[in-house]
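# Fold the following and give me the result.
(7 chains)
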Amino acid sequence: MNNRNIMSKPFDLLNESLGKEILVVLKGNVQVRGTLKAFDIHMNLNLENANELIDGEMKTNYGKVLLRGDSVILVSP
Amino acid sequence: MNNRNIMSKPFDLLNESLGKEILVVLKGNVQVRGTLKAFDIHMNLNLENANELIDGEMKTNYGKVLLRGDSVILVSP
Amino acid sequence: MNNRNIMSKPFDLLNESLGKEILVVLKGNVQVRGTLKAFDIHMNLNLENANELIDGEMKTNYGKVLLRGDSVILVSP
Amino acid sequence: MNNRNIMSKPFDLLNESLGKEILVVLKGNVQVRGTLKAFDIHMNLNLENANELIDGEMKTNYGKVLLRGDSVILVSP
Amino acid sequence: MNNRNIMSKPFDLLNESLGKEILVVLKGNVQVRGTLKAFDIHMNLNLENANELIDGEMKTNYGKVLLRGDSVILVSP
Amino acid sequence: MNNRNIMSKPFDLLNESLGKEILVVLKGNVQVRGTLKAFDIHMNLNLENANELIDGEMKTNYGKVLLRGDSVILVSP
Amino acid sequence: MNNRNIMSKPFDLLNESLGKEILVVLKGNVQVRGTLKAFDIHMNLNLENANELIDGEMKTNYGKVLLRGDSVILVSP
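Next up, the predicted model:
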């Protein structure tokens, strides 16, 4: 059995999360929560109903945001 | 149904924002608000009537600015 | 004897760890522990039952997470 | 109507600024003001009559400077 | 005499160190000591019996670790 | 008139500075002054009679130095 | 006269320094002094009799070290 053939790919998690709420941790200690509308292979992310979080509390209501992929550290649905 | 085929692309948000006001969060804790006039695939952004913000308050009135794409963390219309 | 030919490759450790718990140290002093479900050649990692750790204590229960490869410093099974 | 076809490119702002004074914000909290004499596609910039600014005050008179593109955050005419 | 032809290559030190203990200094002030089991051209390193060091004292016993090459500053056998 | 055709290139400043004293500002708040002996397209710089400066005062006399291009922020003749 | 044709290349300084003692300033405020044994085009460096310096004082005796090129800021023979 070859694990590589049957294993899923990391980006599958983004595909499954389209239309659902995700949390994104960015460089510079920025956290954004919102609904994933689009992504590309650079991990650029397009969110709606997005809020910036500080210590888990909502800080700024952004509405729509584009997050640059190379600033992303962690994405969690 | 293939989500990838019907999903929009992250840069669509920039295209929709041409001629409209956006907020840009840059590395080094710099925030700039202005009207998006142009962008390219590197996410280099050209704004007019641009102001730098500190804690949500206007700090510097730049007029026109070119923001380098690889300094961008977040763009919000 | 040519050491290069007989030596294993660094990514073999990820392949062996599929389905098992790993600890990931990320840039920005972030540590995440969880079950490795997928990875790619950029070292993007997909974990389940993932928790963020602060000083070895569980801080945030993420469930599923996608960790961006270029934020990774260290992976340990 | 296709916005992409009629929109200007971000680097147009550099082309328009040749021979004029610009402000450049660089990584590491460095600001330089001077007359733009040359640039290339990497955003390397060549200024004359250039001064470094601290809190908007002139600090160092550099005369001519070459600014490395990947240190640039923001350019404003 | 051409120095370039007779000189060894920097990675020879990694090849010589296979199966031996090395010290690795990583970005973010992380130091790891362990037995080198594998490496690749990106300087990704696979160690066994690996320990994280703080001020020269053992802090965390990792067992096996994968260290990401672009986090490496220094390797010493 | 096409500004791009008649404009000089940013690296011309390095070519003009060969054999002359330059100031180099590097990442990590390092400043080096010395005579430019060589450069390449990566902006790697070779200086002679080089001194590190702290607050404009000479700190370390290096003699010859090689400065890595991607650490360079600013070069001034 | 074309300066570019007669000028030396920055890496010539490394070639001349083979077998001699050099000082290397790395990112993260690390300084290492030792005898240069090998280098490659990425500026990866192989030193022998290498010591880490803190404020010009010897701190750690590494013996042999491999220094990763993209951590290098400055090399001085």
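
# so after the lowest-mean-pLDDT helix or strand in chain A, what's the next helix or strand?
For chain A, scoring each helix and strand by mean pLDDT, DSSP states H and E identifies helix A:3-6 as the least confident one, at a mean of 45. Sequence-wise, the next helix or strand downstream of helix A:3-6 (DSSP states H and E) is helix A:12-16.

# Please export the alpha-carbon coordinates of that following helix; PDB is fine.
What follows is helix A:12-16 as a C-alpha-only set of coordinates in PDB (Å, rounded to 0.1, in the frame of the first residue of the first chain):
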ATOM      1  CA  ASP A  12      -8.600  19.600   0.200                       C
ATOM      2  CA  LEU A  13      -9.300  21.300   3.500                       C
ATOM      3  CA  LEU A  14      -9.800  24.600   1.700                       C
ATOM      4  CA  ASN A  15     -12.000  23.100  -0.900                       C
ATOM      5  CA  GLU A  16     -14.200  21.500   1.800                       C
END
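
# model confidence over it, on average?
Averaging pLDDT along helix A:12-16 gives 94.

# With stretch A:51-62 instead?
Per-residue pLDDT over stretch A:51-62 has a mean of 84.

# That one close to chain B?
Yes. Contact check for stretch A:51-62 against chain B, using C-beta under 8 Å from any C-beta of the partner chain: residues in range are A:Tyr62. Every C-beta, even on glycine, is put in place using the N, C-alpha and C of the backbone.

# Now do that stretch: distance to the chain's middle.
Centroid separation between stretch A:51-62 and its chain, computed with C-alpha atoms, centre = their mean, to the nearest Å, is 15 Å.

# who touches that stretch?
When contacts are defined by C-beta atoms under 8 Å, 6 or more residues apart in numbering or on different chains, stretch A:51-62 is touched by residues A:23, A:30-34, A:47, A:50, B:23, B:74, B:76.

# Taking those, tell me the two that lie furthest apart.
For the contacts of stretch A:51-62, the farthest-apart pair by C-beta to C-beta is A:Leu23 and B:Leu23; their separation is 20.3 Å.

# Please list all residues in contact with the closest residue to chain G within chain A.
When distances are taken as C-beta to the nearest C-beta, chain A reaches nearest to chain G at A:Asp70, 16.1 Å away. With contact taken as C-beta under 8 Å, 6+ apart, A:Asp70 is in contact with A:42-43, B:70, C:70.

# repeat for A:Arg33
A:21-24, A:50-51, A:53.

# if we can go back for a sec, now tabulate the contacts of A:Asp70 in TSV and tack on secondary structure and pLDDT.
TSV is the format used below for those (DSSP: H, G, I helix; E, B strand; the rest coil; pLDDT from 0 to 100):
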residue	secondary structure	pLDDT
A:His42	coil	93
A:Met43	coil	96
B:Asp70	helix	93
C:Asp70	helix	93
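
# what's the closest of those residues to C:Lys64?
Distances from C:Lys64 to the contacts of A:Asp70, taken by C-beta to C-beta, are shortest for A:Met43, at 15.7 Å.

# Nearest residue to that closest one in space, please, no chain neighbours.
If you skip the residues right next to it in sequence, A:Met43 has A:Gly69 as its closest partner in space, 3.4 Å away by C-beta to C-beta, 6 or more residues apart in numbering or on different chains.

# so how many other residues sit close to that neighbour?
Neighbour count of A:Gly69, defined by other C-beta atoms under 10 Å in any protein chain shown: 17.

# And it, what's its pLDDT?
Taking A:Gly69 on its own, its pLDDT is 96.

# How about the residues of chain A by chain B?
Residues of chain A lying close to chain B by C-beta under 8 Å from any C-beta are A:15, A:18, A:26-28, A:30, A:32, A:37-40, A:44-46, A:50, A:62-68, A:70-71.

# Give me the buried entries from these.
Burial by neighbour count, 16 or more other C-beta atoms under 10 Å in any protein chain shown: within the residues of chain A next to chain B this picks out A:18, A:26-27, A:30, A:32, A:37-39, A:44-46, A:50, A:62, A:64-68, A:70-71.

# which ones among those residues are found in helices?
Restricting these to those inside helices, with DSSP state H as the criterion, leaves an empty set.

# Just the closest residue of chain A to chain F, please.
For chain A, C-beta to the nearest C-beta, closest residue to chain F: A:Asp70, 16.1 Å.

# returning to that earlier point: any chance of the contacts of A:Asp70 in CSV with distance to C:Pro10 as columns?
Formatted as CSV, the entries for the contacts of A:Asp70 read as follows, by distance: C-beta to C-beta, whole Å:
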residue, distance to C:Pro10
A:His42, 24
A:Met43, 22
B:Asp70, 28
C:Asp70, 16
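
# and which of these is nearest C:Lys9?
Within these, distances to C:Lys9 taken as C-beta to C-beta reach their minimum at C:Asp70, with 19.2 Å.

# Could you pull up the contacting residues of A:Ser10?
Just so we're on the same page, residue A:10 is Pro rather than Ser. Listed by C-beta under 8 Å, 6+ apart, the contact set of A:Pro10 reads C:38-40, C:44-46, C:66.

# Could you report the distance from the residue nearest to A:Asn46 when sequence neighbours are not counted to G:Asn44?
Excluding its sequence neighbours, the residue lying closest to A:Asn46 (C-beta to C-beta, 6+ apart) is A:Ala38, at 3.9 Å. Going from A:Ala38 to G:Asn44 by C-beta to C-beta, to the nearest Å gives 39 Å.

# can you check A:Ile41 too?
With C-beta to C-beta as the criterion, A:Ile41 and G:Asn44 are 29 Å apart.

# for A:Gly19, same thing?
Counting by C-beta to C-beta, the separation of A:Gly19 from G:Asn44 is 46 Å.

# Quick check, A:Asn46 in contact with B:Asn15.
No. If you go by C-beta atoms under 8 Å, A:Asn46 and B:Asn15 don't touch, sitting 11.5 Å apart.

# just the strands in chain A please.
Residue ranges of the strands in chain A, as given by DSSP state E, are A:21-26, A:30-39, A:45-54, A:57-67, A:72-76.
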